[in-house]
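K.L.:
my questions are about this predicted structure, shown below with the sequence.
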Amino acid sequence: SSRVTEMLGFHPRELIGRNLLSLMDGGSDRGAVELRFQRHSPFRNQAVDMIAKSEEVKTFLLSAVPVFNFTTGVLTGYRGTATDVTELRKREVGLRVAKEMAEMASRAKTEFLANMSHELRTPLNAIIGFADVMRMEMIGPVSNPQYKSYIRDIHGSALHLLGIINDILDVSRIEAGKVTLHESVVSVDEVVESVVRLVKERVSDSQLTLDLDIAGKLPRVHADKQKLKQILINLIGNAIKFTPKHG
């Protein structure tokens, strides 16, 4: 048809006597089409790459049925349609490449955050440790009350920053798929009681009251004990943060 000229640049007369396979490039789809021809089977939306007269490779979706001679039953050819999907295929490839690049960038970001978090935690732990020594006056008294106030602020700010960094590190590990669960049979009441002991000082400093009410004879659960603790600490930490004094 005249659309052949439109799509491939050949005049229809140039294609008389030529097999469809002669227009195809040497890609993997050629074998699939050749097999269908040999079996005389119909096909629908078969993707093939064809070489136009300009030597540009174009992608088509072919749908065709075999046509046989009514008298002899011999295959005389195929009748069907071809849809040019070259631009659509290019867009698909572009989107795939963009997706892969975005995933690479995400992995690089995650790895950077994980490395940065590790680098920051080392000096922060030192700051917290030294602030603790001064706050508790382990190696001598701090006579100036203003200095004591500064030490408390340094200690509190460092702990707050460390908490943020740990959160970033956790998210980075999850995104990178590097979180490993260590599951075991866990006693819920033991986990809750240990968490309450850990946050007791923060609750007191914030002038809040924390009540513990655990139902008796709770069944044990199959879980990662450390992660379960972390979940409860995060929940209670938010409660402490957003509850008004004397709450």
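P.N.:
Received, thanks.
K.L.:
C-terminal to the helix or strand of the chain with the lowest mean pLDDT, which secondary structure element comes first?
P.N.:
Using mean pLDDT, DSSP states H and E, the weakest-scoring helix or strand in the chain turns out to be helix 28-39, at a mean of 76. Next in sequence after helix 28-39, counting helices and strands by DSSP states H and E, comes strand 43-51.
K.L.:
buried set for that next one?
P.N.:
For strand 43-51, the buried set under the neighbour-count rule, 16 or more other CB atoms under 10 Å, comprises 43, 46, 48, 49, 50. Every C-beta, even on glycine, is put in place using the N, C-alpha and C of the backbone.
K.L.:
what does stretch 4-15 give?
P.N.:
7, 8.
K.L.:
centre of the chain to it, how far?
P.N.:
Its chain's C-alpha centre lies 46 Å from the corresponding centre of stretch 4-15 when counted by CA atoms, centre = their mean, to the nearest Å.
K.L.:
kindly format the C-alpha coordinates of that stretch as CSV.
P.N.:
C-alpha atoms of stretch 4-15 as CSV (Å, rounded to 0.1, in the frame of the first residue of the first chain):
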residue,chain,number,x,y,z
VAL,A,4,4.7,1.5,2.8
THR,A,5,6.3,4.6,1.1
GLU,A,6,5.2,6.8,4.0
MET,A,7,6.7,4.5,6.7
LEU,A,8,9.7,2.9,5.1
GLY,A,9,10.5,5.2,2.2
PHE,A,10,10.3,2.4,-0.4
HIS,A,11,7.9,2.6,-3.4
PRO,A,12,5.6,-0.4,-3.3
ARG,A,13,7.1,-1.5,-6.7
GLU,A,14,10.5,-1.8,-5.0
LEU,A,15,9.2,-4.5,-2.7
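K.L.:
residues making contact with that stretch?
P.N.:
With CB atoms under 8 Å, 6 or more residues apart in numbering as the test, stretch 4-15 has contacts from 1, 2, 23, 50, 52, 53, 54, 58, 60, 82, 84.
K.L.:
please report how far the fifth one lies from residue 160.
P.N.:
Plainly put, residue 52 is 65 Å away from residue 160 if you go by CB to CB, to the nearest Å.
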